[in-house]
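Asks: okay, structure incoming, though there's no sequence with it:
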């Protein structure tokens, strides 16, 4: 893609520039530097000692003079103390206990597509555990010739794959169904994260147990925590090899909040199906209709019926900068940045509007664009200081276009909790303050 | 790539299986489950209560009965307590102070290609700092029309890109030049990490300062820490847009140990050029020949001369599992896994030998394969219990093949410190213990 020079610095080039230097050109550079340094070091001095009356006096900051901290070998590295505000956060009052709760990822502070594991959103049904992996077991039973119980060691010896995928809770953006003005994109869209997952394709484990792949059409996945989370996974997804029994996340073992030591990875499907603390997989010939499939994670439609098993997260996007709660300090150039994703495949295009949907421009998509993975988009914008409504609208490679809130409500009504993938609107006010608005 | 079903679970399918269930097939499944559960839950009971004499008694572990921990909102998530041994480590005696030192990434415990930022290798010349970003400034001067001093806010408003790249210290694997048997791949190859970096192309900042792109052929990058690290970057690399002034790493701000709030990202080039705590960029017309370019990071050749500016990290690979210090518990199936990379572009192929280089098989490369980025490779292996020497040999898309230690020494001798990219050999002993060996 990008061509590197044959040599980092080639010998002929070095010879030439030194020849030029002998001819006197070097002096020119010296004086240019002196002039520039006069201006610039003054700026740095001011930075180091604010309030100093004389910008010409250069006082180096302590970190340019002293001896720093030793290498971090007695633990695990942490973010800068200046970033302490970048945290996942619970929405006050959203749930009654902190065990059956949610913490949202700070999307407005993140870059690129990888979510740091320390900021990955959490959704627990009965709290999280730090399970001893040497005692953890995974059972494979049902329509199999030989039911099997695997240790972690046995699983980790098998051929593995690593893939980047997003995970989104089915209830993400759920509060936007009403007219509740959730203040920031952390709370509107923060039940969304993206990691490199490593694990064994589920189909491999089924084959090791001698699964009956003709009769077996659905897999029940069961977690080991107190909520006994159970979900039905169709074999059509499993057969493709993309459903993983995963132990790795962003290079290391899963975090306890995310299902250590074993969780299911079901790309494109809502997070509840990515069963954490995975302890059992049962192959059957029908969907199980478990509590979390019959009572929860269903969509109440305008006619009073419920949609069930609408587990695939449809194409969606959100602008993360500028977004609700942020403040633009002045007019001028900004880089509008956001995330797009689809549970059906790859993001193909993202359009951005700054006038509430009247005009749209196509954003740049950041490589690599991967299937069922977050895609970062960016687009240039010069703010004229007047009110502006910023929106993004994604399209995936099936041709599906993210709906407006009005389009979505026409089909789904307003009484759903789950599966809201409507276009999000952020109002930039004249003051520069950005707030969540609903644009029909 | 992978085709999802039109619907997660389609209505017709649900109707059909419930019809089948009414015909009595459901009872069959129930009895099959009961039989399977009898075997399998016994296994789980043993796991939960080791030493229990009666495997038929099912006693659920506490985490399946109790209430777990609340969501983590009062801080930043941490790895499992069971993973406390997975740390970056200092090599005892390698350096005299812990400020001018190295900590190595635990490659043998990592999956995929992303290095968790808490385990990213460190190389400090005078310790690390946690610099206040509101006071940090970046000066751009030299052959520019208007020298500029940028605040972090100004830099973060500019158009940014995010890219996955490896960073490797030029001294990585340096101890292997001699016959020192470094015990683990953490110490042989652990000055290697890979992240998604986000920042502004360096060329953008030069253009904003009105750089003279005809005369300007080299950029000096200078760090703000006490070591005053200065390195020459050729404009041929900068022009391509791939050199970044980066603030983001794996989704969040850089870590203090890795240059917070600003570091240079020079894809494919040795880590010392990725100047941390970046405070100044000067455009000039010749290489600077700084202390760290003239005295350090040069290669002593057999004829007594030094090679200078050999900064591009040539194609290299290492098997991380199994690797030195690990133990194979028994014969049978293993998945050999490792990392390959090239400072020239993409990894094209990795071959693996288990007999010390007599026979080679081609490994699977894990998607996505990106330029100047780590690539994970895997290959199946059945260990027969006899001594085996495991090696990997990478080839990049320029056709360059990673040399054997003998080939490398023929050109470079044995007195170098830097730029050792030879094939690494791990001996699996009959005991299952794996150790570092040098195979000529």
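Replies: Everything's here; your move. This structure is a prediction, so every number in the text was calculated from the model and none was measured. Residues are numbered from 1 along each chain as shown, chains lettered A, B, ... in the order given.

Asks: contacts, neighbours, all on C-alpha from now
Replies: Fine.

Asks: got phi/psi on residue A:155?
Replies: As for residue A:155, its main-chain torsions (degrees, to the nearest 10) stand at phi -70, psi -40.

Asks: now do it, the pLDDT please.
Replies: The model reports residue A:155 with a pLDDT of 97.

Asks: show me the contacts for the nearest residue to it once chain neighbours are set aside.
Replies: Spatial nearest neighbour of residue A:155, chain neighbours left out: residue A:200 (7.3 Å); criterion: CA to CA, 6 or more residues apart in numbering or on different chains. Listed by CA atoms under 8 Å, 6 or more residues apart in numbering or on different chains, the contact set of residue A:200 reads A:155, A:156, A:158, A:159, A:160, A:161, A:244, A:245, A:246.

Asks: so of those, which ones are in strands?
Replies: A:161, A:244, A:245, A:246 (DSSP state E).

Asks: among these, which one lies nearest to chain B?
Replies: residue A:161 (7.0 Å; CA to the nearest CA).

Asks: against residue B:92, how distant is the closest one?
Replies: Noted for residue A:161: a distance of 35 Å to residue B:92, by CA to CA, to the nearest Å.

Asks: quick one, which of these two is more surrounded?
Replies: Comparing residue A:161 with residue B:92 by other CA atoms under 10 Å in any protein chain shown, the one with more neighbours is residue A:161, at 24 against 7.

Asks: residue contacts, that one?
Replies: A:198, A:199, A:200, A:201, B:112, B:366.

Asks: any chance of those residues in TSV, plus distance to residue B:151?
Replies: Formatted as TSV, the contacts of residue A:161 follow (distance: CA to CA, whole Å):
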residue	distance to residue B:151
A:198	39
A:199	43
A:200	46
A:201	47
B:112	35
B:366	39
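
Asks: among those, which two are most distant?
Replies: A:201 and B:112 (14.7 Å; CA to CA).

Asks: still on that earlier bit, hmm, which of the ones in strands among the contacts of residue A:200 are the buried ones?
Replies: A:161, A:244, A:245, A:246 (16 or more other CA atoms under 10 Å in any protein chain shown).

Asks: ok so, going back, and the residue nearest to residue A:155, how far from chain B?
Replies: 11 Å (CA to the nearest CA, to the nearest Å).

Asks: now that residue. Its backbone dihedrals?
Replies: phi -100, psi 130.

Asks: okay, it: pLDDT?
Replies: pLDDT at residue A:200 comes out at 98.

Asks: run through the bridge partners of it.
Replies: Residue A:200 has these beta-bridge partners by DSSP bridges: residue A:245.

Asks: quick one on the thing from earlier: of residue A:201 and residue B:112, who's got more company?
Replies: Legend: neighbour count by other CA under 10 Å for residue A:201 and residue B:112, higher for residue B:112 (28 against 23).

Asks: could you say which helix or strand holds that one?
Replies: Per DSSP states H and E, residue B:112 falls between elements, in no helix or strand.

Asks: so it touches residue A:195, yeah?
Replies: No. Applying CA atoms under 8 Å as the test, residue B:112 and residue A:195 come out as separate, 10.6 Å apart.

Asks: distance to residue A:231 and pLDDT for the ones in strands among the contacts of residue A:200 - can I get that in a markdown table?
Replies: Shown next, in a markdown table, are the ones in strands among the contacts of residue A:200 (distance: CA to CA, whole Å; pLDDT from 0 to 100):
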| residue | distance to residue A:231 | pLDDT |
| --- | --- | --- |
| A:161 | 23 | 98 |
| A:244 | 15 | 98 |
| A:245 | 14 | 98 |
| A:246 | 16 | 98 |
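
Asks: now for those residues: which two are most distant?
Replies: Longest span within these, CA to CA: A:161 and A:245, 10.1 Å.

Asks: anything in contact with each of those two?
Replies: Shared contacts of residue A:161 and residue A:245 (CA under 8 Å, 6+ apart): A:199, A:200, A:201.

Asks: what is the nearest of the residues you listed to residue B:301?
Replies: Taking those together and measuring to residue B:301 by CA to CA, the closest member is residue A:199, at 44.4 Å.

Asks: returning to that earlier point: of the buried ones among the ones in strands among the contacts of residue A:200, which is the nearest to residue A:99?
Replies: Using CA to CA, residue A:246 is the member of those that lies nearest residue A:99, at 23.5 Å.

Asks: skipping adjacent residues, who's closest to residue A:415 in space?
Replies: Nearest one to residue A:415, counting by CA to CA, 6+ apart, is residue A:300 at 6.2 Å.

Asks: from residue A:417, how far off is that neighbour?
Replies: Applying CA to CA to residue A:300 and residue A:417 gives a distance of 8 Å.

Asks: residue A:107 against residue A:319, yeah?
Replies: No. Assessed by CA under 8 Å, residue A:107 is found out of contact with residue A:319, at 9.5 Å.

Asks: those two: who's more crowded?
Replies: Taking other CA under 10 Å, residue A:107 and residue A:319 do not tie; residue A:107 has more neighbours (33 against 28).

Asks: show me what contacts the more buried one?
Replies: A:185, A:186, A:189, A:190, A:320.

Asks: residue A:415 now?
Replies: Contacts of residue A:415 by CA under 8 Å, 6+ apart are A:177, A:178, A:300, A:301, A:302.

Asks: quick one: buried ones out of the residues you listed?
Replies: A:177, A:300, A:301.

Asks: helix or strand for the residue positioned nearest the centre of chain A, just tell me which one.
Replies: Centroid-nearest residue in chain A: residue A:193, 2.9 Å away (criterion: CA atoms, centre = their mean). Applying DSSP H and E as the criterion places residue A:193 in strand A:192-201.

Asks: quick one, helices of chain A?
Replies: A:11-20, A:26-48, A:152-156, A:185-189, A:202-208, A:235-239, A:291-294, A:405-412 (DSSP state H).

Asks: weakest of those helices by average pLDDT?
Replies: With a mean of 38, helix A:26-48 has the lowest mean pLDDT of those.

Asks: lowest pLDDT pick from the contacts of residue A:415?
Replies: Across the contacts of residue A:415, the member with the lowest pLDDT is residue A:178, scoring 82.

Asks: how far away is it from residue A:413?
Replies: 10 Å.

Asks: now swap in residue A:237 and tell me
Replies: For residue A:237, the distance to residue A:413 - CA to CA - is 30 Å.

Asks: compare those two (neighbour count), which wins?
Replies: residue A:237 (21 against 18).

Asks: so that one sits right up against residue A:219, yeah?
Replies: No. At 10.2 Å, residue A:237 does not count as touching residue A:219 under the criterion of CA under 8 Å.

Asks: quick one: neighbours of the residue lying closest to residue A:129 once chain neighbours are set aside, just the number.
Replies: Leaving aside its sequence neighbours, residue A:129 sits nearest to residue B:68 (CA to CA, 6+ apart; 5.6 Å). Neighbourhood size, residue B:68 [other CA under 10 Å]: 22.

Asks: now swap in residue A:306 and tell me
Replies: 15.

Asks: how much space separates the nearest residue to it once chain neighbours are set aside from residue A:294?
Replies: Spatial nearest neighbour of residue A:306, chain neighbours left out: residue A:300 (4.6 Å); criterion: CA to CA, 6+ apart. Residue A:300 sits 12 Å away from residue A:294, taking CA to CA as the criterion.

Asks: residue A:326 now?
Replies: Taken as CA to CA, the span from residue A:326 to residue A:294 is 39 Å.
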